[in-house]
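Peer 1: Sequence unavailable; structure follows:
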């Protein structure tokens, strides 16, 4: 196949650069911009489609007078191959001189990492984005070891959601608290995808789901049994926060083998639609073969593509807490002994925190929820544990054991 012509590439580059330059820079994300600006390392931004990766690139671009930009999602670049990078750089240099380059959705080009490594060695400052966790990780580990920093970008956090809506997150008056709780209820239902937050149109979420399913997964992995794959994704959305096993999914959904289920679940995780966590065990073998718990990338996306049931509010709350833990960079597990604890956090090779989540804590469930938390605290020799509820707080009159702190979810998610 022939190389893409220079005039073809020039048309794309000019159009894209103008659009990128004029792009709405959005709200500031919870990213230490200075850390990535002052280093020579490659900055890799990964995350699900439409989570704001291109906008974050645009925010980085404000710090440079001149730069190159290319987005490989453009249909005019569908035939772009690694050999076309030479002509792309020629087009860039014919237009103007720059030592910084931004590349969107770079995983679409097989062999991209070799080109990026060459640019890095030539002294370019490079920013790239991608929507496939494993693909990026394997390519980076193979060809760019010790040459990059990685940012995993999620849909808006609750604080970012409040910032977008210009809500005072510092005030402590009753009016401020009422407004924050109102927005918390909205965030729990609609999630944090920037376009959904901006336009309040659930069709955005449905299109994101279809794009991920078809463009990122079915086509990329050449999945033939489309209906079975979609059925599995739908089941996971309906049963998020619950423990699963590949064998049970095989039997329930009629797959031929548990290995097929495992592969499909891995694909769904690579696209950032889902995350799974292990039950913590000192034996890695037992950890890997035990059931996993599944979480969804965003409450709004989950609600847009799955039927609602009566116990969804508690599960949506748990899902939100999990996502916030991921944003904060924790290594997350769940604990199961005689009772269960939703999350235990591992830092520096030991469990340091136990967290239980319940929409409401009352006399009907207090013993079960507190006992699960206390069992985890005892197991890992923790003096304190956290009980997160929807709205109950430090001042609750409910009696709980020493060392158990009750905090409302909205306050915890704001870091208070």
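Peer 2: On my side now, so go ahead. Remember, it's a predicted structure, so these values are computed and weren't measured experimentally. Residues are numbered from 1 along each chain as shown.
Peer 1: From now on I want contacts and neighbour counts done on CA atoms only, so please keep to that.
Peer 2: OK.
Peer 1: Write down the beta-bridge partners of the residue nearest to residue 242 when sequence neighbours are not counted, one by one.
Peer 2: Once flanking residues are discounted, residue 242 sits nearest to residue 293: 5.3 Å by Cα to Cα, 6 or more residues apart in numbering. Going by DSSP bridges, residue 293 is paired in beta bridges with residue 243, residue 277.
Peer 1: can you tell me the helix or strand for residue 149?
Peer 2: strand 148-152 (DSSP states H and E).
Peer 1: Does anything pack onto the helix or strand residue 160 falls within? Which helices or strands?
Peer 2: Using DSSP H and E, the element containing residue 160 is helix 158-164. Using 3 or more Cα pairs under 8 Å, 6 or more residues apart in numbering; DSSP states H and E, the elements in contact with helix 158-164 are helix 174-190.
Peer 1: can you tell me how far residue 342 sits from residue 184?
Peer 2: Here residue 342 is placed at a distance of 21 Å from residue 184 (Cα to Cα, to the nearest Å).
Peer 1: Repeat that for residue 66.
Peer 2: Separation of residue 66 from residue 184 (Cα to Cα): 40 Å.
Peer 1: out of those two, which sits in the busier spot?
Peer 2: Per other Cα atoms under 10 Å, whichever of residue 66 and residue 184 has more neighbours is residue 184, with 22 against 13.
Peer 1: confidence score at that one?
Peer 2: As predicted, residue 184 sits at a pLDDT of 97.
Peer 1: residues near the residue nearest to it when sequence neighbours are not counted, how many?
Peer 2: Spatially, and ignoring its direct neighbours in sequence, residue 184 is nearest to residue 410 (6.4 Å; Cα to Cα, 6+ apart). Residues contacting residue 410 under the criterion other Cα under 10 Å number 24.
Peer 1: Doesn't residue 410 lie inside a helix?
Peer 2: Yes - counting by DSSP: H, G, I helix; E, B strand; the rest coil, one finds residue 410 located in a helix.
Peer 1: Could you chop this protein up by domain?
Peer 2: The record assigns the chain these domain ranges, following automatic domain parsing: 6-153, 159-413.
Peer 1: and the end-to-end length of the first one?
Peer 2: The reference is to domain 6-153. End-to-end for domain 6-153, by Cα to Cα: 34 Å.
Peer 1: Over to the longest one?
Peer 2: As for domain 159-413, its first-to-last residue distance stands at 7 Å under the measure Cα to Cα.
Peer 1: distance of the residue nearest to residue 184 from residue 74?
Peer 2: Between residue 410 and residue 74 the distance is 39 Å, computed by Cα to Cα.
Peer 1: Ok, residue 168 next?
Peer 2: For residue 168, the distance to residue 74 - Cα to Cα - is 39 Å.
Peer 1: Residue 390 now?
Peer 2: 43 Å.
Peer 1: One more: residue 18?
Peer 2: According to Cα to Cα, residue 18 and residue 74 sit 14 Å apart.
Peer 1: Check residue 43 too.
Peer 2: 22 Å.
Peer 1: Residue 125: what's its closest spatial neighbour, skipping adjacent residues?
Peer 2: Going by Cα to Cα, 6+ apart, residue 125 has residue 100 as its nearest residue, at 4.7 Å.
Peer 1: repeat for residue 33
Peer 2: Per Cα to Cα, 6+ apart, closest to residue 33 is residue 60, 7.3 Å.
Peer 1: any idea which helix or strand carries residue 90?
Peer 2: Using DSSP H and E, residue 90 sits in helix 85-95.
Peer 1: So what's the gap between that helix and the chain middle?
Peer 2: 33 Å (Cα atoms, centre = their mean, to the nearest Å).
Peer 1: Pull the distance from the helix or strand following that helix to the chain's centre.
Peer 2: Later in the chain than helix 85-95, the nearest helix or strand by DSSP H and E is strand 100-104. In terms of Cα atoms, centre = their mean, the centre of strand 100-104 is found 21 Å from the chain centre.
Peer 1: residue boundaries of the strands in the stretch 151-300 of the chain?
Peer 2: 243-244, 274-278, 292-296 (DSSP state E, counting those that start in this stretch).
Peer 1: what's the spacing between residue 31 and residue 38?
Peer 2: From residue 31 over to residue 38 (counting by Cα to Cα), the distance is 14 Å.
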